[in-house]
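1. Show me the folded form of this:
(2 chains)
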2 protein chains.
Amino acid sequence: MDEPTLQTLKVNQTRLLSSLHHTCQWGTGTRWGTAEATETGMSRLSLSDADKQVRDWFVETTKSLGCTVSVDAMGNIFAVRPGREDGPPTCAGSHLDTQPTGGRYDGILGVLAGVEMLRVLEEKGVETAFPVGVVNWTNEEGARFPISMISSGVWAGDIPLDRAHGLKEVGGGTATMKEELERIGYLGSMPASHTAMPLAAHFELHIEQGPVLEAQRQKIGVVQGVQAYRWYTVEVVGRGAQAHTGTTPFSSRSDALLAACRMITLSHDLATSHAALASTGILTLHPGSVNTIPGRVTFSLDIRAPLDSTLDTLEAELKSRFATIASKETTKGLDLAVSWRTDSVSPAIHFHEDCISAVREAAKAVCGSDSLARDMVSGAGHDSVYTSRHCPTSMVFVPCRNGVSHNPEEYTSPEDCAIGAEVLMQSVLRYDRLRYLRSGGGE
Amino acid sequence: MDEPTLQTLKVNQTRLLSSLHHTCQWGTGTRWGTAEATETGMSRLSLSDADKQVRDWFVETTKSLGCTVSVDAMGNIFAVRPGREDGPPTCAGSHLDTQPTGGRYDGILGVLAGVEMLRVLEEKGVETAFPVGVVNWTNEEGARFPISMISSGVWAGDIPLDRAHGLKEVGGGTATMKEELERIGYLGSMPASHTAMPLAAHFELHIEQGPVLEAQRQKIGVVQGVQAYRWYTVEVVGRGAQAHTGTTPFSSRSDALLAACRMITLSHDLATSHAALASTGILTLHPGSVNTIPGRVTFSLDIRAPLDSTLDTLEAELKSRFATIASKETTKGLDLAVSWRTDSVSPAIHFHEDCISAVREAAKAVCGSDSLARDMVSGAGHDSVYTSRHCPTSMVFVPCRNGVSHNPEEYTSPEDCAIGAEVLMQSVLRYDRLRYLRSGGGE
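-> Just a heads-up that it's a prediction; the model follows:
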């Protein structure tokens, strides 16, 4: 497909949004605004009855658009539209499940934009060189079955099928993923595997879930990869018994909370100097009495950066500096013991240059200017992390209001949804053209 | 009584400790050491069966030592030994109730040292100028009925009798103080009042509950008063919805925990510069997820100083500086809202110079040197706070191991118990001599 032809392919904003809100009738969540049909959040837990309903809609709609639909053993749904030649499909993919108090855009926009792409191709009678398709990945949120991106993880071979099938739902229920897949009729016969269902490339349109695009008044994030993150639990323990706040001078204290406060502040300052992030979201202390100095504090520490090497450096500096904070030279009182437990290590993901270029060029063509797009690194994980291990991958970010996600008020304007969907479609088609050229074809 | 006569009066250390441990058979708590008779903590909640047993022992023992025993409407017990002349008694007083996981010394030592004083006076046939006595105050700990020092507070006229009588026990029971006083036979007929039962002076021997005497290798704290304290609850609230730790740059954050950490650290630093204390014992945050920036943090703030004016200054500076920390100039991100609630204000208590002098001179005489005693301000409240409102008062502190109290391992050596008891006795007798001289008597 040549550039002029590509330029004629426009998504239909009204149709895209209309379909998106139509599918949000299944699993409607908390109301936040007055517009009856659109201003509620979503609560569509994976493999629930609502999830079955939206899956049925997805299968039926994509079949009506000329796709062959396959479901694998994790309930991942692959809707593939044939091309002139056979081969693995170039796919747009994301997820239709949501957080229990989620919104209408996280995941959903990515799948619905894929459906809109299929509609444009059908409407215009476009024939791609190779198959293209849309994927709905199961349980991306990890909100019901508590491993995020579990089904793309099984597809990638990183998570064993048995473990995933046996995973129990949270919140007091006893159902496993396999039982629920069976119950709603989405335990497919195809193996959940990148060998059984290879992809030529994977593109994912997603809301940014952060404030950068909105603050910069830009429209598209060209996603280079996913930043590395590491989660730790840090425990600070004072010496001796718990002490009374009224009778214990500072020189005799071993104040675990004061030390923890210094550590948390330092983690912020050091992360700033490394252009990294550091955050504490959980802090517990003992014994928890107004007039007793806390003898033990435990806090979470989440550090992130685009490069693993940055986190290596930051971790080493934090360990050294925390030890200094805990020493009596700093406390001016008694020393404290500090210990670290590593809870999670997620290396940096670097997406494929071919896909990144496709997104960048698509963004430029759709927005008419370089200045409305920016290279970004994703702060959160996505199914694209797992697809990137087995096929070229990139993502397209669009702004979301106030950077809010995982919240009923999550919102992206219809215009921005449409721009994102058009960039997604153009990225898929540009990648298809690249495959064609590399296979020896001409334009 | 002249100085040489005073010098001959020595407490019997063996008898003092033997009686103390004897009374700890009632309400024995958690074992912490191997010495069977002495190395457990105490769990003698006020007005429990164990408290009744130790009260019965106290009444019987003091009667056998020539005392008249009166019980007031709060169960306060006054054991008074006649002097040559009538008049209000000069009393040693403290409390026999303990924390649920308390030790053998807090309160108990003060009452048992008073009993030992009575024994020495009887043994040596000492006749004081005016009556002297020993008081056991009810529910000083506030551990069962949740107002500390409630019965000396009623005696002082600061807490209404009805309120105290109607106070319910904590921990799920439904008994009131009045019901329990009746049940154990200690609802006395005498009004609980400083007019019905005036005291000439009140001296209280107590463990320091802090580490200063031990650290300084000193034996006696000459207590000048009780420091002022104020308790606040500070709430820090971020702007906007909760944000993701991975996708929200520092410049777009409103991190309530980071701000709270800076405030807690600052409170420590500012208190240090004012020779005051600042402590945070409780901190809660929301929502409490590793990868969500806390949007709301609440923490307790306990500030203390010997002078009310110091706390006035410190409070004003903290309020101003906390506001600065919450402003976006400091956060480099979004600003936060900070609000203060005052939970408790306890003004500084200044004991009476006559009593302070009596303790100081007694300490010098008993220890044989000025250097083993130090002037101190009590960090915690005691019944002496309330007595000081209606009669000259001071306290005698003795070292306790590692500064620990309200813990089974609370410990003061037998030698230090005896030194403290002797200083207590000599203080009472010196005050009695002062009264005699002031009333026109000669030595």
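
2. Contact partners for A:Thr128?
-> Neighbouring residues of A:Thr128 by CB atoms under 8 Å, 6 or more residues apart in numbering or on different chains: A:Met1, A:Arg81, A:Gly83, A:Arg84, A:Thr90, A:Leu121, A:Leu429, A:Asp432. (Each C-beta comes from the backbone N, C-alpha and C, glycine too.)

3. Now the phi/psi pair for it, please.
-> phi -90, psi 160 (degrees, to the nearest 10).

4. Tell me the spacing between it and B:His244.
-> Between A:Thr128 and B:His244 the computed distance is 35 Å (CB to CB, to the nearest Å).

5. returning to what we had before: quick check: the farthest pair among the contacts of A:Thr128?
-> Pairwise distances among the contacts of A:Thr128 were taken by CB to CB; the largest, 14.2 Å, belongs to A:Met1 and A:Arg81.

6. ok, these two, which is more surrounded?
-> A:Arg81 (21 against 18; other CB atoms under 10 Å in any protein chain shown).

7. what bridges to the more buried one?
-> A:Val132 (DSSP bridges).

8. Please look at it and A:Glu127 and confirm they touch.
-> No - taking CB atoms under 8 Å as the definition, A:Arg81 is not a contact partner of A:Glu127, at 9.6 Å.

9. Within its local environment, how many residues does the residue of the stretch 251-400 of chain A found nearest chain B see?
-> Using CB to the nearest CB, A:Gly379 is the residue of the stretch 251-400 of chain A that sits closest to chain B, at 3.3 Å. A:Gly379 is flanked by 22 other residues according to other CB under 10 Å.

10. What residues of stretch A:137-150 count as buried?
-> A:Trp137, A:Thr138, A:Asn139, A:Glu140, A:Glu141, A:Gly142, A:Ala143, A:Arg144, A:Phe145, A:Ser148, A:Met149, A:Ile150 (16 or more other CB atoms under 10 Å in any protein chain shown).

11. Return the subset of the residues you listed lying in helices.
-> Among the buried residues of stretch A:137-150, DSSP state H puts A:Ile150 in helices.

12. Which of the buried residues of stretch A:137-150 sits closest to chain B?
-> Nearest to chain B among these is A:Ser148, at 10.4 Å by CB to the nearest CB.

13. nearest residue to that closest one other than its sequence neighbours?
-> Spatial nearest neighbour of A:Ser148, excluding adjacent residues (CB to CB, 6 or more residues apart in numbering or on different chains): A:Gly142 at 3.4 Å.

14. And A:Gly66, by the same measure?
-> According to CB to CB, 6+ apart, the nearest residue to A:Gly66 is A:Arg81 (5.5 Å).

15. A:Glu85 now?
-> A:Phe130 (5.7 Å).

16. Contact partners for A:Ala73?
-> So A:Ala73 contacts A:Val154, A:Leu161, A:His165, A:Leu181, A:Leu187, A:Gly188, A:Ser189, A:Met190, A:Pro191, A:Ala192 (CB under 8 Å, 6+ apart).

17. which helices and strands sit right next to the helix or strand encompassing the first one?
-> Remark: A:Val154 resides in helix A:150-155, with elements defined by DSSP states H and E. Contact analysis of helix A:150-155 by 3 or more CB pairs under 8 Å, 6 or more residues apart in numbering or on different chains; DSSP states H and E lists helix A:161-166, helix A:383-387 as its packing neighbours.
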